[in-house]
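> what shape does this take:
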Amino acid sequence: MFQKTLKTDNAGSTIIIRLMIGAVFLSEGIQKFLFPEKLGAGRFAKIGLPNPDFLGPFVGIFEITCGILILIGLFTRLSAIPLLIIMLVAMATTKMQLYIDNGFWSMLHDSRTDWAMLLGSIFLNIKGGGRWSLDKSLWNQNKSL
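Below is the predicted model of the structure:
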(Lines give C-alpha, C1' and ligand atoms only; values in the text may rest on other atoms or scores of the structure.)
Protein backbone atom coordinates (compact mmCIF):
# COMPACT_ATOMS: atom_id res chain seq x y z
CA MET A 1 0.00 0.00 0.00
CA PHE A 2 2.80 2.42 0.92
CA GLN A 3 4.53 1.80 -2.41
CA LYS A 4 1.33 2.48 -4.36
CA THR A 5 1.03 5.83 -2.56
CA LEU A 6 4.56 6.81 -3.61
CA LYS A 7 4.44 5.45 -7.15
CA THR A 8 4.78 8.16 -9.74
CA ASP A 9 5.76 8.58 -13.35
CA ASN A 10 8.93 10.26 -14.54
CA ALA A 11 7.29 13.34 -16.06
CA GLY A 12 9.17 16.52 -15.31
CA SER A 13 6.21 18.70 -16.25
CA THR A 14 4.14 17.45 -13.30
CA ILE A 15 5.96 19.97 -11.12
CA ILE A 16 3.97 22.75 -12.85
CA ILE A 17 0.66 21.24 -11.70
CA ARG A 18 2.11 20.57 -8.24
CA LEU A 19 3.23 24.19 -7.91
CA MET A 20 -0.17 25.49 -9.03
CA ILE A 21 -2.23 23.21 -6.77
CA GLY A 22 0.10 23.36 -3.78
CA ALA A 23 0.54 27.14 -3.83
CA VAL A 24 -3.16 27.91 -4.22
CA PHE A 25 -4.24 25.54 -1.44
CA LEU A 26 -1.44 26.67 0.88
CA SER A 27 -2.41 30.30 0.31
CA GLU A 28 -6.13 29.65 0.77
CA GLY A 29 -5.50 27.67 3.97
CA ILE A 30 -3.38 30.46 5.47
CA GLN A 31 -6.02 33.04 4.54
CA LYS A 32 -8.68 31.08 6.43
CA PHE A 33 -6.71 31.95 9.58
CA LEU A 34 -5.70 35.49 8.57
CA PHE A 35 -9.22 36.52 7.51
CA PRO A 36 -11.59 34.13 9.32
CA GLU A 37 -14.69 36.30 8.98
CA LYS A 38 -14.29 36.68 5.23
CA LEU A 39 -12.67 33.37 4.18
CA GLY A 40 -12.87 31.00 7.15
CA ALA A 41 -15.58 30.39 9.73
CA GLY A 42 -17.51 33.53 8.76
CA ARG A 43 -17.76 32.43 5.13
CA PHE A 44 -18.72 28.91 6.15
CA ALA A 45 -21.50 30.31 8.37
CA LYS A 46 -22.70 32.56 5.53
CA ILE A 47 -23.13 29.65 3.13
CA GLY A 48 -24.86 27.56 5.79
CA LEU A 49 -22.27 24.90 6.61
CA PRO A 50 -22.69 23.30 10.03
CA ASN A 51 -20.33 24.15 12.91
CA PRO A 52 -18.38 26.82 11.01
CA ASP A 53 -16.13 27.67 13.99
CA PHE A 54 -14.74 24.14 13.81
CA LEU A 55 -15.01 23.60 10.06
CA GLY A 56 -13.18 26.80 9.01
CA PRO A 57 -9.91 26.00 10.83
CA PHE A 58 -10.29 22.27 10.09
CA VAL A 59 -10.42 22.89 6.33
CA GLY A 60 -7.65 25.50 6.63
CA ILE A 61 -5.33 22.99 8.32
CA PHE A 62 -5.98 20.43 5.58
CA GLU A 63 -5.37 23.01 2.86
CA ILE A 64 -2.09 24.11 4.45
CA THR A 65 -0.84 20.59 5.18
CA CYS A 66 -1.82 19.06 1.84
CA GLY A 67 -0.65 22.16 -0.02
CA ILE A 68 2.83 21.86 1.52
CA LEU A 69 2.97 18.10 0.87
CA ILE A 70 2.03 18.63 -2.77
CA LEU A 71 4.55 21.45 -3.18
CA ILE A 72 7.38 19.19 -2.00
CA GLY A 73 5.90 16.15 -3.74
CA LEU A 74 5.55 13.97 -0.65
CA PHE A 75 2.57 11.60 -0.53
CA THR A 76 1.19 13.52 -3.50
CA ARG A 77 -1.52 11.02 -4.41
CA LEU A 78 -2.75 10.78 -0.83
CA SER A 79 -2.59 14.55 -0.29
CA ALA A 80 -4.74 15.19 -3.34
CA ILE A 81 -7.69 13.24 -1.88
CA PRO A 82 -8.71 15.72 0.87
CA LEU A 83 -8.29 18.55 -1.63
CA LEU A 84 -10.65 16.79 -4.04
CA ILE A 85 -13.22 16.53 -1.27
CA ILE A 86 -12.75 20.19 -0.33
CA MET A 87 -13.29 21.25 -3.94
CA LEU A 88 -16.37 19.08 -4.42
CA VAL A 89 -17.95 20.47 -1.24
CA ALA A 90 -16.98 24.03 -2.19
CA MET A 91 -18.53 23.66 -5.62
CA ALA A 92 -21.70 22.04 -4.29
CA THR A 93 -22.22 24.65 -1.57
CA THR A 94 -21.32 27.81 -3.49
CA LYS A 95 -21.75 27.24 -7.20
CA MET A 96 -25.09 25.44 -7.27
CA GLN A 97 -26.84 28.55 -5.98
CA LEU A 98 -25.11 30.57 -8.69
CA TYR A 99 -26.46 28.14 -11.25
CA ILE A 100 -29.98 28.43 -9.84
CA ASP A 101 -29.86 32.24 -9.59
CA ASN A 102 -27.87 33.20 -12.69
CA GLY A 103 -27.73 30.22 -15.03
CA PHE A 104 -25.15 27.85 -16.42
CA TRP A 105 -22.70 30.31 -18.03
CA SER A 106 -22.49 32.54 -14.97
CA MET A 107 -21.86 29.52 -12.76
CA LEU A 108 -19.21 28.23 -15.17
CA HIS A 109 -17.46 31.61 -15.26
CA ASP A 110 -17.43 31.97 -11.47
CA SER A 111 -16.22 28.42 -10.93
CA ARG A 112 -13.23 28.41 -13.30
CA THR A 113 -10.68 28.37 -10.45
CA ASP A 114 -12.65 25.65 -8.68
CA TRP A 115 -12.56 23.50 -11.82
CA ALA A 116 -8.82 24.07 -12.23
CA MET A 117 -8.17 23.05 -8.62
CA LEU A 118 -10.47 20.03 -8.87
CA LEU A 119 -9.01 18.75 -12.15
CA GLY A 120 -5.44 19.49 -11.04
CA SER A 121 -6.03 17.48 -7.86
CA ILE A 122 -7.47 14.61 -9.89
CA PHE A 123 -4.40 14.74 -12.16
CA LEU A 124 -2.04 14.51 -9.16
CA ASN A 125 -4.04 11.68 -7.65
CA ILE A 126 -3.69 9.73 -10.89
CA LYS A 127 -0.10 10.59 -11.84
CA GLY A 128 1.66 11.21 -8.52
CA GLY A 129 4.39 13.75 -7.84
CA GLY A 130 6.48 13.32 -10.99
CA ARG A 131 10.22 13.35 -11.56
CA TRP A 132 11.12 16.15 -9.15
CA SER A 133 9.29 14.96 -6.06
CA LEU A 134 10.14 13.32 -2.79
CA ASP A 135 7.74 10.56 -3.82
CA LYS A 136 10.06 9.72 -6.73
CA SER A 137 13.13 9.70 -4.46
CA LEU A 138 11.44 7.46 -1.89
CA TRP A 139 10.03 5.20 -4.64
CA ASN A 140 13.53 4.72 -6.09
CA GLN A 141 14.93 3.94 -2.61
CA ASN A 142 12.17 1.36 -1.93
CA LYS A 143 12.71 -0.30 -5.31
CA SER A 144 16.42 -0.75 -4.61
CA LEU A 145 15.83 -2.42 -1.21
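
> count the neighbours of the nearest residue to residue 37 once chain neighbours are set aside for me.
Spatial nearest neighbour of residue 37, chain neighbours left out: residue 43 (7.8 Å); criterion: CB to CB, 6 or more residues apart in numbering. For glycine as for every other residue, the C-beta is placed from the backbone atoms N, C-alpha and C. Neighbours of residue 43 under the rule other CB atoms under 10 Å: 17.

> my guess is residue 43 contacts residue 56, does it?
Yes - counting by CB atoms under 8 Å, residue 43 does reach residue 56; the two are 7.4 Å apart.

> phi, psi for the residue nearest to residue 37 please.
phi -70, psi -40 (degrees, to the nearest 10).

> center of the protein - which residue?
residue 83 (3.2 Å; CA atoms, centre = their mean).

> quick check: buried residues in the helix or strand bottoming out on mean pLDDT in the chain?
When each helix and strand of the chain is scored by mean pLDDT, DSSP states H and E, helix 2-6 comes last, with a mean of 74. For helix 2-6, a neighbour-count test (16 or more other CB atoms under 10 Å) marks 5-6 as buried.

> which strands or helices does the helix or strand following it pack on?
Sequence-wise, the next helix or strand downstream of helix 2-6 (DSSP states H and E) is helix 14-34. Secondary-structure packing of helix 14-34 (3 or more CB pairs under 8 Å, 6 or more residues apart in numbering; DSSP states H and E): helix 36-39, helix 52-72, helix 76-90, helix 112-127.

> how much space between the residue nearest to residue 37 and residue 8?
Per CB to CB, to the nearest Å, residue 43 is found 34 Å from residue 8.

> how about residue 34?
33 Å.

> more neighbours: which of the two?
Shown here are residue 34 and residue 8; by other CB under 10 Å, residue 8 has more neighbours (22 against 11).

> where does the chain have low pLDDT?
Scanning the chain for pLDDT under 70 picks out 1-2, 142-145.

> can you list contacts of whichever strand or helix holds residue 137?
Using DSSP H and E, residue 137 falls within helix 134-144. Contacts with helix 134-144, where a contact means CB atoms under 8 Å, 6 or more residues apart in numbering, come from 2-3, 5-8, 10, 72-77, 128-130.
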